[in-house]
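*Asks:* The sequence and its predicted three-dimensional model are supplied below.
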Amino acid sequence: MVNDVIKDLNGSVDGAIDAVKRELAKVRTGRANLSILDGMKVEYYGTMTPLGHVASLQVPDPRQIVIKPWEKSLIPEIEKSIRQVPELGLNPTSDGETVKLPVPPLTQERRKELVKLCRRMAEDAKVAVRNHRRDANEMLKELSKGGDISEDDEKQGLKKVQEAVDKGIARIDEIVTKKEAEIMEV
């Protein structure tokens, strides 16, 4: 019983870590990275469609992203969609065949803002992990009250829960520290 609770907790913690990794991947650094366009949608025949489904995306050099739509008529829609996301701070240009996104270097002030954003994302992930800890602890206490596990098993389980949470929070801190270093790199 205790092992099932710990297994569920570990799965939830891993889910929170994966979520923060996905969110951090969308944060722009000074280099071109296709992950900043994840989740971007373009109107395609009246339906909002992921950008990757209507165009090929490439990074020919560290300062530029090239988007080549399957249909040239999508170029204005792609440009409009990119401009509607102010967090990106990108200004697309078109040559009639492709949309080019020059990735300007970040200013020091913008780097600091992005670091704050990353820390906020990390704190949200840590809160989620702590909520999972609370749920796991409640499950263990319910099992103990119901007589399904002994008091010693409950104490042992609570200790394992705390260890799993500590490991998860340490992993989140490590991931965010790497992202901050990447952002602050000039």
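*Replies:* Thanks, I have the structure now. In this text, all values refer to a predicted model and were calculated from it rather than measured experimentally. Numbers count the residues shown, from 1 in each chain.
*Asks:* Where does pLDDT dip in the protein?
*Replies:* 86, 186 (pLDDT under 70).
*Asks:* Domains of it: list them as residue ranges, please.
*Replies:* Domain segmentation of the chain under automatic domain parsing yields 2-26+107-184, 34-102.
*Asks:* Pull up the distance across the shortest one, start to finish.
*Replies:* Between the opening and closing residues of domain 34-102 lies a distance of 12 Å (C-alpha to C-alpha, to the nearest Å).
*Asks:* gap between that domain and the chain center?
*Replies:* 20 Å (C-alpha atoms, centre = their mean, to the nearest Å).
*Asks:* before we move on, what about the first one?
*Replies:* Its chain's average C-alpha position is 14 Å from that of domain 2-26+107-184, according to C-alpha atoms, centre = their mean.
*Asks:* Report the contact partners of Lys41.
*Replies:* For Lys41, the contacting residues are Met48, Thr49, Pro50, Leu51, Ser81, by C-beta atoms under 8 Å, 6 or more residues apart in numbering. Yep, even glycine has a C-beta here, placed from its N, CA and C like the rest.
*Asks:* What about the residues you listed, which are in helices?
*Replies:* Leu51, Ser81 (DSSP state H).
*Asks:* Output the contacts of Lys41 in TSV, with distance to Ile175 and neighbour count appended to each entry.
*Replies:* Below are the contacts of Lys41 laid out as TSV (distance: C-beta to C-beta, whole Å; neighbours: other C-beta atoms under 10 Å):
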residue	distance to Ile175	neighbour count
Met48	30	9
Thr49	30	16
Pro50	25	14
Leu51	25	23
Ser81	28	19
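*Asks:* out of the contacts of Lys41, who's nearest Leu143?
*Replies:* Here the nearest of those to Leu143, counting by C-beta to C-beta, is Pro50; it sits at 43.4 Å.
*Asks:* Quick check: the closest one touching Met40?
*Replies:* Yes - with contact defined as C-beta atoms under 8 Å, Pro50 counts as touching Met40 (7.2 Å).
*Asks:* Pull up the overlap in contacts between those two.
*Replies:* By C-beta under 8 Å, 6+ apart, no residue touches both Pro50 and Met40.
*Asks:* I'd like to check which residues are in contact with the residue positioned nearest the centre of the chain.
*Replies:* Centroid-nearest residue in the chain, with C-alpha atoms, centre = their mean: Glu23, separated by 1.7 Å. Counting by C-beta under 8 Å, 6+ apart, Glu23 makes contact with Met121.
*Asks:* Next, work out how far apart the residue of the chain most remote from its centre and Glu154 are.
*Replies:* The outermost residue of the chain relative to its centre, with distances by C-alpha atoms, centre = their mean, is Gly147 at 40.8 Å. Taking C-beta to C-beta, to the nearest Å as the measure, Gly147 falls 11 Å from Glu154.
*Asks:* What of Thr93?
*Replies:* Distance from Thr93 to Glu154, counting by C-beta to C-beta: 63 Å.
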